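# All I have is the shape, not the residue letters:
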């Protein structure tokens, strides 16, 4: 391999090879010890290769951003040595098998720096061509503006996580770490280690200013997730100003206080980066790792480096001179040397050996643990019993009035048995949301917790809970749900939006205390706009069941859906059961999003549509109206995915006299009805039945409103 004398000397200097040393590093972890000359030569060769690759990655990023006239140049230039070390030395991965379950995971939390990731995926041998780099941020390319988890829009190999909203990726990484710990506890044996990988997240100042990262860091340290390595790109710059304008904390002390093992290094010193990441990987002391990498944003572009101008594309006019200054050939765009390609061929060979050895271990493990292997392979492939079969496998529910959160508690026990990789958790509300899995154990470290527990205690950290759930889903083994009161969903709404965008079918949200029926806690805890606010998120199924059998269908739908998340909206108060209709028919109907809950006994002249706790009122109101049909619509989104014939059979276009009822804002229902009985105001503190009656949520008021219709 050919490298410039400058690169070799620089690498030797970084490695501390005798004859090149110039004294102590400013941010080095320690001075490299003396080496024998043969060992030194090998190390110099490797360091020279990494130094060259770092500069060529800078060049790829500069050329792609310049071609797009759009993008963020600062991080790809400022973190090049970090990328070289991760992809060129420290991470285990296989570009030929990008879904290998024991690969290390890398999450770019600072997703705006996406050309960092795309450049390194290309250099590391992933199926992401130079042509795709040239199409950065263009329609139908594999290189969108922010990294996107493979979905129906993009299928970029090597992207582990959709990132962009700052703080979310580093919090998703905690979910990855949870999933790896859980998988290792469940599937590793004394004779075979199937899971032993690490989770890396690269994040910047913006990620650590966002509160969700603090919530997640506290959780990670509490549960001793020592497989998590967070790399902080500390470049002292934010978008508007230098970072000191808005922050003055000592972040090392903060992460020490959480319980992390912390390091501080020069992020451009290859030897220090290499040494520190290796040390972090080797440290299995129960502490997650936090590495503060002091960097220069936009390094290599003299006109903008070290300033907030380096964040975006302001450096485009200086690309050619910057490339020349770091030793790249003049006039050549998207240049990668033969030496760098050769070096990464060697990296692939090294990782290929690790991969092959693992495959042999896995084959031996599978032979001696056939049932466990079947469970794992089904989990990875997302093989679950079809919904139509699953609703039959769950016993019929009681006909007594009960809250759907209570019904949910009963159903989740069956779900956990039918779907072995299903786990759940709560933001300190298990006693109210009722989603605890009996005999499932509690996840984590200390007290009565173990890493194979199925119940997660997130603490009062809804935003972190949402991000961690997404991380578990991205990791690709477990199906995860988390609970809180519906009114608090806005704390983690951004994570639900990203889950919907990323088409994460492995995640669901259990949101109880769903309406003004909450009662005495008053309007701060009575959601009126919340459920409809969720319905406007594309690709999110919002399921508000009206009785226990519909609750069965809601849970079954949430664990059998493949292409997006589900929000389960459950009541605090008791609801009547529609026992006039067989349980299986209610389940089957609910699985289609809407169905005829009470059929007319005369010519059809009115359709009453209701959902959740209002279905009981609709059935009661329609009981004495022979021409009235009652339609239960627990999930608008599922209904809209049915055939036109089915939708017409439920809501025939010939009947235009329609009224809808829900204890929430009325706007969404005008798609289906000409009149809506809703709640377009905040509630008040009083017993729930009084609040409901006062705000018109009764069969009597529904009958009265029907009487005003032509």
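In hand now; what should we look at? Values in this document were obtained by computation on a predicted structure and should not be read as measured data.

# Could you confirm residue 446 falls within a strand?
No - under DSSP: H, G, I helix; E, B strand; the rest coil, residue 446 falls outside any strand and is assigned coil.

# ok, now which ones touch the closest residue to it other than its chain neighbours?
Ranked by C-beta to C-beta, 6 or more residues apart in numbering and with sequence neighbours excluded, the top spatial neighbour of residue 446 is residue 224, at 7.7 Å. C-beta: built from backbone N, CA, C; applies to glycine. By C-beta atoms under 8 Å, 6 or more residues apart in numbering, the residues touching residue 224 are 259, 286-288, 444-446.

# cutoff 7 Å now
286-287, 445 (C-beta atoms under 7 Å, 6 or more residues apart in numbering).

# Kindly indicate the member of those residues with the most neighbours.
The residue in the contacts of residue 224 with the most neighbours, by other C-beta atoms under 10 Å, is residue 287 (21 neighbours).

# Now name the helix or strand holding it.
Counting by DSSP states H and E, there is no helix or strand that carries residue 287.

# Please tell me I have it right and it contacts residue 263.
No - using C-beta atoms under 7 Å, residue 287 is not in contact with residue 263, being 11.4 Å away.

# So for this protein, the centremost residue is which one?
Residue closest to the average C-alpha location in the chain (C-alpha atoms, centre = their mean): residue 470, at 2.5 Å.

# how near is residue 68 to residue 136?
The gap separating residue 68 from residue 136 is 5 Å, by C-beta to C-beta, to the nearest Å.

# Do a quick rundown of the strands in the stretch 151-300 of the chain.
With strands called from DSSP state E, counting those that start in this stretch, the stretch 151-300 of the chain shows them at 199-204, 228-234, 261-266, 289-294.

# got the buried residues for the next helix or strand after the last one?
In this case it means strand 289-294. Using DSSP H and E, the helix or strand that follows strand 289-294 in sequence is helix 319-325. Residues of helix 319-325 classed as buried: 319, 322-323 (neighbour count, 16 or more other C-beta atoms under 10 Å).

# So which residues of the stretch 101-250 of the chain form helices?
Counting by DSSP state H, counting those that start in this stretch, the stretch 101-250 of the chain has helices at residues 114-123, 130-134, 168-187, 205-209, 211-222.

# Out of these, which gets nearest to residue 379?
helix 168-187 (8.7 Å; C-beta to C-beta).

# before we move on, back to that, and residue 371, which of the helices of the stretch 101-250 of the chain is closest to it?
Of all the helices of the stretch 101-250 of the chain, it is helix 168-187 that lies closest to residue 371, at 11.3 Å by C-beta to C-beta.

# could you give the mean pLDDT of that closest one?
In this model, helix 168-187 has a mean pLDDT of 98.

# quick one: that helix to strand 199-204, angle?
170 degrees (axes from the mean of the first three to the mean of the last three C-alpha atoms, to 10 degrees).

# Could you name the helices and strands sitting against helix 168-187?
strand 105-108, strand 199-204, helix 211-222, strand 228-234, helix 462-475, helix 493-501 (3 or more C-beta pairs under 7 Å, 6 or more residues apart in numbering; DSSP states H and E).

# by how many degrees do it and helix 493-501 diverge?
Going by the same axes, to 10 degrees, helix 168-187 makes 70 degrees with helix 493-501.

# Run the chain-centre distance for helix 168-187.
11 Å (C-alpha atoms, centre = their mean, to the nearest Å).

# and that helix, which residues are buried?
168-184, 186-187.

# How about stretch 68-76?
In stretch 68-76, counting by 16+ other C-beta under 10 Å, buried: 68, 71-76.

# what residues does it touch?
Here stretch 68-76 makes contact (C-beta under 7 Å, 6+ apart) with 57-58, 61-62, 65, 110, 112-113, 115-116, 119, 136-137, 204, 233, 297-298, 310-313, 315-316.

# related to what we said a few turns ago, got JSON lines for the helices and strands packed on helix 168-187, with mean pLDDT and distance to residue 98 too?
Conversion of the helices and strands packed on helix 168-187 to JSON lines gives the following (pLDDT from 0 to 100; distance: least, C-beta to C-beta, whole Å):
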{"stretch": "strand 105-108", "mean pLDDT": "98", "distance to residue 98": "11"}
{"stretch": "strand 199-204", "mean pLDDT": "98", "distance to residue 98": "16"}
{"stretch": "helix 211-222", "mean pLDDT": "98", "distance to residue 98": "25"}
{"stretch": "strand 228-234", "mean pLDDT": "98", "distance to residue 98": "20"}
{"stretch": "helix 462-475", "mean pLDDT": "98", "distance to residue 98": "13"}
{"stretch": "helix 493-501", "mean pLDDT": "98", "distance to residue 98": "20"}
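
# now the end-to-end length of stretch 533-552.
Start-to-end span of stretch 533-552 (C-alpha to C-alpha, to the nearest Å) is 24 Å.

# Then stretch 534-542?
Stretch 534-542 has its terminal residues 7 Å apart, counting by C-alpha to C-alpha.

# Dump the strands of the stretch 151-300 of the chain to CSV, plus distance to residue 685 and mean neighbour count.
Formatted as CSV, these follow (distance: least, C-beta to C-beta, whole Å; neighbours: other C-beta atoms under 10 Å):
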stretch, distance to residue 685, mean neighbour count
strand 199-204, 42, 28
strand 228-234, 43, 27
strand 261-266, 47, 21
strand 289-294, 44, 24
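
# Of all these, which one is nearest residue 671?
Of the strands of the stretch 151-300 of the chain, nearest to residue 671 by C-beta to C-beta is strand 199-204, at 41.2 Å.

# Lovely, talk soon.
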